[in-house]
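Participant: fold the stuff below for me.
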Amino acid sequence: MATVIDDMAHSSLSKAVDLVLFDTKKRTRDQRTIWEAIRMRFLLLREWWHVLQPAKVTIAHIHTCSGLSFFLDSLYMMLARIRGVPAALHIHGAKFDEFFDGLSWPGKRVVRFLANRASRVIVLSGEWERALREQFPKARFAVIENGVSQAPLIDVKKDSSVITVLFLGNLCHRKGVMDLISSARDLPPYVRIVLVGGEEEPGMTEKVKRFLEQESLEERVLLAGPATGIEKFRWLRSADIFALPSYAEGVPISMLEALAVGLPAVVTPVGGIPSVLTDKEHALFVQPGDRAALVSAITRLANDENLRRTLGETARAHVMENFGVERSASKYLQVYRELKPRLADRGLPL
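Facilitator: Model (predicted):
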């Protein structure tokens, strides 16, 4: 979500409306007590209440995901509605459907109530809209795909004797990390996998390290850690193939960023990915958990430079034309104008 918000803050949207970013991330120490957490949440909500002055704030746009975060973020949405401010609830969670299905009957009623109270529920793809509309038929949906900005040009030195397969994202089972590193045993010896990202699941980094040691794969798989900004794009520019064998996704920004620099990709047709890409035209699709197919797709790209170039160039043109950050910015503005028609004429602040 942080990348999406940062991209919007630097897009033409920031010129069309007065964007004010309200930071809701944790502001207490890691070993905080429950009372410290409750107190800080109360202070944040009080600050939010004072920020929500209808004469100054035209729209509240709240980014959220699944789990406890959804309920906490919905408090901001409800306060906005009480204040008379239209509020958009923007769902990013790749497993929101599983989160909802796992709730008790009263929990589902609460989520439906919150979705119905939002002025708009924004989702990342038509697939997600169809899935959630079945659960929230009274909610007012809008589809805004994640957008990607133009990648900076960076000079990098590449070893022509090595094919680098890049994974970019938080380390977790959901993103198929264990499937990818397991495939290293069966890939050609000149193929190296690089994992760039922090942890989504606590302890995942250590689990990956132990697996690589047990399987003697330390020379085949590099655990690079998290990277942002220029360093992230340095990894993207130095790679030959992008791999994201996820079990659940929205429309992953990391995938769009990889395609925007012209990397050929091996991905799974989950979440909103099939609404963005076509198999064998923009990427190679493999089914989640199919390690043999994953090995086959990566090997095929590693052995065929022309295919890598053709797939990468086609995907790059497709993504920049249809999923650029400015296209997303125009959809944001369209939703804002629907919620507050005066924006179209007076350009009132957000």
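
Participant: thought Leu244 was touching Phe167?
Facilitator: Yes. Counting by CB atoms under 8 Å, Phe167 is a contact partner of Leu244 at 6.7 Å. No exception for glycine: its C-beta is placed from N, CA and C like everyone else's.

Participant: overlap of the contact sets of the two?
Facilitator: Taking CB atoms under 8 Å, 6 or more residues apart in numbering as the contact rule, the neighbours common to Leu244 and Phe167 are Lys175.

Participant: centroid residue for this structure?
Facilitator: Centroid-nearest residue in the chain, with CA atoms, centre = their mean: Pro252, separated by 4.1 Å.

Participant: wait, Ala9 sits on Val20?
Facilitator: No. With contacts counted by CB under 8 Å, Ala9 stays clear of Val20, the gap being 10.1 Å.

Participant: assign a three-state SS to Leu284, would you?
Facilitator: strand (DSSP: H, G, I helix; E, B strand; the rest coil).

Participant: residues contacting it?
Facilitator: Applying CB under 8 Å, 6+ apart to Leu284 gives the contacts 264-267, 297, 300-301, 311.

Participant: that older thread, what pLDDT is listed against the residue nearest to the centre of the chain?
Facilitator: At Pro252, the predicted lDDT confidence score is 91.

Participant: of all the contacts of Leu284, which comes closest to Ser149?
Facilitator: Ala265 (18.1 Å; CB to CB).

Participant: now do the closest one, the pLDDT please.
Facilitator: Value listed for Ala265 in the pLDDT field: 98.

Participant: list the contacts for it?
Facilitator: By CB under 8 Å, 6+ apart, Ala265 lies in contact with 241-244, 255, 258-259, 277, 282-284, 311, 315.

Participant: so of these, which ones are in helices?
Facilitator: Judged by DSSP state H, the contacts of Ala265 include 255, 258-259, 311, 315 as members of helices.

Participant: and the furthest pair within these?
Facilitator: Met255 and Leu311 (13.4 Å).

Participant: and Thr314, what is it in contact with?
Facilitator: Taking CB under 8 Å, 6+ apart, we find Thr314 in contact with 281-282.

Participant: in the helix or strand where Arg309 lies, what counts as buried?
Facilitator: In this structure, Arg309 sits in helix 305-322 according to DSSP states H and E. Within helix 305-322, the residues that count as buried by 16 or more other CB atoms under 10 Å are 308, 311-312, 314-316, 318-320.

Participant: shouldn't Arg133 be in contact with Ala142?
Facilitator: No. Assessed by CB under 8 Å, Arg133 is found out of contact with Ala142, at 11.8 Å.

Participant: out of the two, which sits in the busier spot?
Facilitator: Ala142 (18 against 14; other CB atoms under 10 Å).

Participant: SS state for that one?
Facilitator: Following three-state DSSP, the label given to Ala142 is strand.

Participant: now do Val57
Facilitator: coil.

Participant: now it: closest residue in space, sequence neighbours ignored.
Facilitator: The spatial neighbour of Val57 that comes closest, neighbours along the chain excluded (CB to CB, 6 or more residues apart in numbering), is Val85 at 5.6 Å.

Participant: let's verify that neighbour: helix, strand, or coil?
Facilitator: coil.

Participant: tell me, how many residues neighbour it?
Facilitator: When neighbours are counted by other CB under 10 Å, Val85 registers 21.

Participant: where in the stretch 251-350 of the chain is pLDDT low?
Facilitator: 342-350 (pLDDT under 70).

Participant: 50 instead?
Facilitator: Residues of the stretch 251-350 of the chain meeting the criterion pLDDT under 50: 344-350.

Participant: ditto for the chain
Facilitator: Checking the chain against pLDDT under 50 turns up 344-350.

Participant: how is it carved up into domains?
Facilitator: Here the domain parsing of the chain from automatic domain parsing is 2-147+325-346, 163-322.

Participant: which helix or strand contains Met8?
Facilitator: Assessed by DSSP H and E, Met8 sits inside helix 2-9.

Participant: secondary structure class for Pro137?
Facilitator: Assigned by three-state DSSP, the conformation of Pro137 is coil.

Participant: can you give the distance from the helix or strand where Lys232 lies to the centre of its chain?
Facilitator: Element membership of Lys232 [criterion: DSSP H and E] is helix 229-238. Using CA atoms, centre = their mean, to the nearest Å, the mean C-alpha position of helix 229-238 is found 17 Å from that of the whole chain.

Participant: in this structure Lys158 contacts Trp235, no?
Facilitator: No. Lys158 is beyond contact range of Trp235, at 11.7 Å (criterion: CB under 8 Å).

Participant: please name the residues that touch the residue nearest to Lys108 when sequence neighbours are not counted.
Facilitator: Of all residues beyond its chain neighbours, the one nearest Lys108 is Phe100 (6.5 Å), with distances taken as CB to CB, 6+ apart. Taking CB under 8 Å, 6+ apart as the criterion, Phe100 is in contact with 66, 108, 111, 135.

Participant: now, among those residues, which is nearest to Trp35?
Facilitator: Closest to Trp35, out of all of those and judged by CB to CB, is Ser66, at 25.8 Å.

Participant: got a list of what the closest one touches?
Facilitator: Ser66 is in contact with 91, 93, 95-96, 98-100, counting by CB under 8 Å, 6+ apart.

Participant: just confirm it is within a strand.
Facilitator: No. Read with three-state DSSP, Ser66 is coil and lies in no strand.
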